[in-house]
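In: Here's a sequence, model it:
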Amino acid sequence: MSAVAIQPYAILDDEECEQRILAAKEKLGDRLVILGHHYQRDEVFQHSDFTGDSLKLSRAAAESKAEFIVFCGVHFMAEVADILSRPDQVSVIPDMAAGCSMADMANLAKVEKAWAELSSVIEPDECVTPVTYINSAADLKAFCGSHGGIVCTSTNARNVLEWSFEQREKILFFPDQHLGRNTAASMGLAMDEMVVWDYDREMGGLTVEQIKKAKMILWKGFCSVHQMFTPEQIDNFKEKYPETKIISHPESSYEVCQKSDYVGSTEYIINTIRDAEPDTRWLVATELNLVNRLKDQFAAEGKKVHFMSPTVCMCSTMFRIDPQHLAWTLENLVDGHVVNQISVPEDVATNARLALDRMLEVSP
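Out: Predicted coordinates:
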């Protein structure tokens, strides 16, 4: 019998989906592990066996006994899970349309074109370390692996940049310019040592002199959620609540991070607010689902957690993972059908794993 189609699940309400998800989880037992990224909606997040950021989740799944890894996140996360998992494990994403707009801003063709254009000015394989944020496709991780480069997360970006500068004098950082800029600035690099590579323009829109002088070549990419936050939002909020502590994810702009009391990854944001004194007020620059979860989680301690943007701003691609898709995925697994498997070709996985291993070696 073939796999059940997704269409009938679209009319199920969330409550029925919840019961069917729980039943399927019970039937699959320890053959299944569900991974839930922090930005997932609560209706899905509640079914996670592990929660966290993408790398933490992939490593937890690889260490589990599970045969099926169902990643409630976005496409590149399921790729990392497949790369790091054992050969007997299968990585699945409930909705193939759950991508990442930032990751899409840097594809292999564009990066290879940039590398070739840089070759007309400098010798990139001798003086440029390519660094890709983990929020990128597997083939870009493989590109970095094969060119002496490395992967980073928002947690270990500083360690990765320090290692990268030890290898070569320049860094090409993609796809998120803000994480690269904020991290490099915190290490003491001057703004005139960083340039932005516009992948839609010849030579990135840069002159020969700019390329030769630059220490950081930042890809013109960004997160659509984190670009919504502005310094004015901080100023306006602090006029009303001057005691507020500002905490931001480093995918936010340099100007926002400079006005923040704390800057760090999703795990860092969670831990900082968790460990804070009771009755404190926080303005948070990161995804809405996570902020709302923190607001509810710490309300009993008198902690007031606010979303920085006055406009609703959630990760729309992450939001594609809904209870209906999760129920469909699990019930097909119960029936012996794997749907939406993510399988990275072995040649790509080998080089991507090399870049990931370099990252793990230099991470704290």
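
In: residue ranges for the strands of the stretch 1-150 of the chain, please.
Out: 32-37, 50-52, 68-72, 90-92, 128-133, 150-152 (DSSP state E, counting those that start in this stretch).

In: what about those, which gets the closest to Glu346?
Out: strand 90-92 (14.0 Å; CB to CB). For every residue, glycine as well, the C-beta is placed using N, CA and C.

In: Distance from the chain centre to that closest one, please.
Out: Its chain's C-alpha centre and that of strand 90-92 lie 18 Å apart, by CA atoms, centre = their mean, to the nearest Å.

In: do stretch 205-219 as well
Out: 26 Å.

In: swap in stretch 217-229?
Out: That offset, for stretch 217-229, works out to 12 Å (CA atoms, centre = their mean).

In: With just CA atoms, put it into CSV.
Out: Taking Å, rounded to 0.1, in the frame of the first residue of the first chain, the C-alpha atoms of stretch 217-229 are listed here in CSV:
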residue,chain,number,x,y,z
ILE,A,217,33.8,40.0,3.1
LEU,A,218,30.2,39.8,4.3
TRP,A,219,27.5,38.3,2.0
LYS,A,220,24.5,40.5,1.5
GLY,A,221,22.1,38.2,3.3
PHE,A,222,19.8,38.6,6.3
CYS,A,223,17.1,37.0,8.3
SER,A,224,13.7,38.5,7.4
VAL,A,225,12.6,38.2,11.1
HIS,A,226,15.6,39.9,12.7
GLN,A,227,15.8,42.7,10.2
MET,A,228,12.4,44.0,11.5
PHE,A,229,14.0,45.2,14.8
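
In: quick one: average pLDDT of it?
Out: The average pLDDT within stretch 217-229 is 93.

In: Could you do stretch 27-35 as well?
Out: Stretch 27-35 comes out at a mean pLDDT of 97.

In: got a list of contacts for it?
Out: 25, 47-51, 57-58, 60-61, 64-73, 77, 81, 326, 330, 333-334 (CB atoms under 8 Å, 6 or more residues apart in numbering).

In: now do the same end-to-end measure for it.
Out: With CA to CA, to the nearest Å applied, stretch 27-35 spans 18 Å between its terminal residues.

In: now swap in stretch 83-103 and tell me
Out: OK, stretch 83-103 end separation, CA to CA: 17 Å.

In: For it, buried residues please.
Out: For stretch 83-103, the neighbour count (16 or more other CB atoms under 10 Å) marks 83-85, 89-95, 98-103 as buried.

In: And what about His178, helix, strand or coil?
Out: Secondary structure assignment for His178 (DSSP: H, G, I helix; E, B strand; the rest coil): helix.

In: ranking the strands of the stretch 1-150 of the chain by mean pLDDT, which is last?
Out: strand 50-52 (a mean of 93).

In: Partner strands of that strand, with direction?
Out: strand 32-37 (parallel) (DSSP bridges).

In: Quick check: buried residues in the partner strand?
Out: Buried residues in strand 32-37 (16+ other CB under 10 Å): 32-37.

In: burial of the closest residue to Gly204 other than its chain neighbours, as a residue count?
Out: Leaving aside its sequence neighbours, Gly204 sits nearest to Trp197 (CB to CB, 6 or more residues apart in numbering; 3.6 Å). Number of residues near Trp197 (other CB atoms under 10 Å) recorded here: 26.

In: Tell me which residues touch Trp197, please.
Out: 114, 172, 204-206, 217-220.
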